[in-house]
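> coordinates only, sequence not included:
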């Protein structure tokens with residue numbers, strides 16, 4: 001029983017394990033690049049629908065050549081579009097945080113509070129108008 005186990009270990013040498021792991025990681029890397037290209041095709045707002053369909057068909061029918069040609073032809077734009085997308089996400093997140101931190105007061109509630117302050121004499125007419133402009137914009 002022990003001899004069979006030892007033979008099994010010798011049937012698959014260390015170099016074979018290394019090459020198998022290397023091919024697996026190259027395959028995973030290939031999938032990451034393929035999906036990044038596909039995402040970039042759909043993310044590009046300058047491409048028409050037909051151009052997106054053409055690139056997608058090219059990348060899916062002839063994957064290695066399609067991805068290689070896409071990266072050569074449009075690789076620089078991929079990075080720029082990725083940066084723009086991240087900036088848009090950051091702005092949306094910051095806007096959400098600001099709106100949430102401000103509370104659930106609506107513009108009408110804020111205008112009512114400003115009107116009350118003006119009627120009590122706390123705010124002058126000019127201050128009220130400036131504050132109203134901030135609320136409305």
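Thanks, I have it. Fair warning: this is a prediction, and the values are worked out from it, not measured in the lab.

> mind listing the helices in this protein by residue range?
2-11, 14-43, 49-61, 63-102, 107-119, 125-136 (DSSP state H).

> The longest one vs helix 14-43, what angle?
When you say that, I think you mean helix 63-102. Counting by axes from the mean of the first three to the mean of the last three CA atoms, to 10 degrees, helix 63-102 lies at 60 degrees to helix 14-43.

> Who are the packing partners of helix 63-102?
Helix 63-102 sits against helix 14-43, helix 49-61, with contacts defined as 3 or more CB pairs under 8 Å, 6 or more residues apart in numbering; DSSP states H and E. For every residue, glycine as well, the C-beta is placed using N, CA and C.

> hang on, the earlier thing: tabulate the helices of the chain (JSON lines), appending mean pLDDT and mean neighbour count.
As requested, the helices of the chain are arranged in JSON lines below (pLDDT from 0 to 100; neighbours: other CB atoms under 10 Å):
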{"stretch": "helix 2-11", "mean pLDDT": "56", "mean neighbour count": "8"}
{"stretch": "helix 14-43", "mean pLDDT": "93", "mean neighbour count": "12"}
{"stretch": "helix 49-61", "mean pLDDT": "95", "mean neighbour count": "13"}
{"stretch": "helix 63-102", "mean pLDDT": "90", "mean neighbour count": "12"}
{"stretch": "helix 107-119", "mean pLDDT": "84", "mean neighbour count": "13"}
{"stretch": "helix 125-136", "mean pLDDT": "85", "mean neighbour count": "12"}
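
> circling back: tabulate the helices and strands packed on helix 63-102 (a markdown table), appending distance to residue 136.
A markdown table is the format used below for those (distance: least, CB to CB, whole Å):
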| stretch | distance to residue 136 |
| --- | --- |
| helix 14-43 | 34 |
| helix 49-61 | 38 |
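
> All set now, cheers.
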